[in-house]
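Peer 1: The following comprises the amino acid sequence and a computationally predicted model.
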Amino acid sequence: MKSFTLGVALLALTAGMAMAENPMVGGAAMYEEKNIVENAVNSADHTTLVAAVTAAGLVETLQGPGPFTVFAPTNDAFAKLPAGTVETLLKPENKDQLVKILTCHVVAAAAMSADIGKMVADDGGMHVVSTVGGCDFTIMTDGDKVMIKDGMGNIANVTIADVKQSNGVIHVIDAVLLPAM
């Protein structure tokens, strides 16, 4: 009985350590062996993003091999947009604009926060990153805090970094990144 109890304790400890390696997002465990879409659909904080990705026809792309870095705005980030913006973007006739905005949240590489911090430091405090959507955003740091300035001059803060995926990494952000108009 003693070895069984010890075995259960070790199993629980191992499972806890595995879960500790990848942060919880939106009340859900994020699993490194799942892809970006498979994990995002479980986050209660990303239902608007998932609906937008679906409406834009980007599900298959973000389930692809990548690697991708996705700066994932929360529901609260989308709620900060002017009233009616999300509803308007989700309409089929606005699909091109929605695709542009969403792909401006994706970089074709797996960049962990340590990599981003090094790029910023190597560039003297600011690093310009080009996205899949053709946007150029400026990444800055303040200590361990990572911030992204979009094409409109708005700042998004990374609130949860380094959420590992089988095809890249997600960094949760508190604002929607917009392309320059």
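Peer 2: Noted; the coordinates are in hand.

Peer 1: and the longest strand seen in the chain, what does it pack onto?
Peer 2: Identified as the longest strand of the chain according to DSSP state E is strand 155-165. Contacting strand 155-165 under the criterion 3 or more Cβ pairs under 8 Å, 6 or more residues apart in numbering; DSSP states H and E are the following elements: helix 36-40, strand 68-73, helix 113-122, strand 145-149, strand 168-173. Glycine gets a C-beta too; all of them are placed from N, C-alpha and C.

Peer 1: any idea which helix or strand comes after the helix or strand containing His127?
Peer 2: Using DSSP states H and E, His127 maps to strand 126-130. Next helix or strand after strand 126-130 toward the C-terminus (DSSP H and E): strand 136-142.

Peer 1: And that next one, what does it pack against?
Peer 2: Counting by 3+ Cβ pairs under 8 Å, 6+ apart, strand 136-142 packs on helix 113-122, strand 126-130, strand 145-149.

Peer 1: before we move on, back to that, by contact count, what packs against the strand holding His127?
Peer 2: Applying 3+ Cβ pairs under 8 Å, 6+ apart, we find strand 126-130 packed against helix 113-122, strand 136-142.

Peer 1: Tell me how far it lies from the chain's centre.
Peer 2: Chain-centre distance of strand 126-130: 17 Å, with Cα atoms, centre = their mean, to the nearest Å.

Peer 1: again, but for stretch 81-98
Peer 2: Distance, centroid of stretch 81-98 to centroid of chain: 20 Å (Cα atoms, centre = their mean).

Peer 1: and the end-to-end length of that stretch?
Peer 2: Using Cα to Cα, to the nearest Å, the end-to-end distance of stretch 81-98 comes to 14 Å.

Peer 1: got it, and stretch 123-132?
Peer 2: So stretch 123-132: terminal residues 21 Å apart, Cα to Cα.

Peer 1: What residues of it count as buried?
Peer 2: By 16 or more other Cβ atoms under 10 Å, the buried positions in stretch 123-132 come out as 127, 129, 131-132.

Peer 1: Quick one: end-to-end length of stretch 137-154, please.
Peer 2: Chord length of stretch 137-154, first to last residue, is 10 Å (Cα to Cα).

Peer 1: Where does pLDDT dip in this structure?
Peer 2: Residue ranges of the chain with pLDDT under 70: 1-20.
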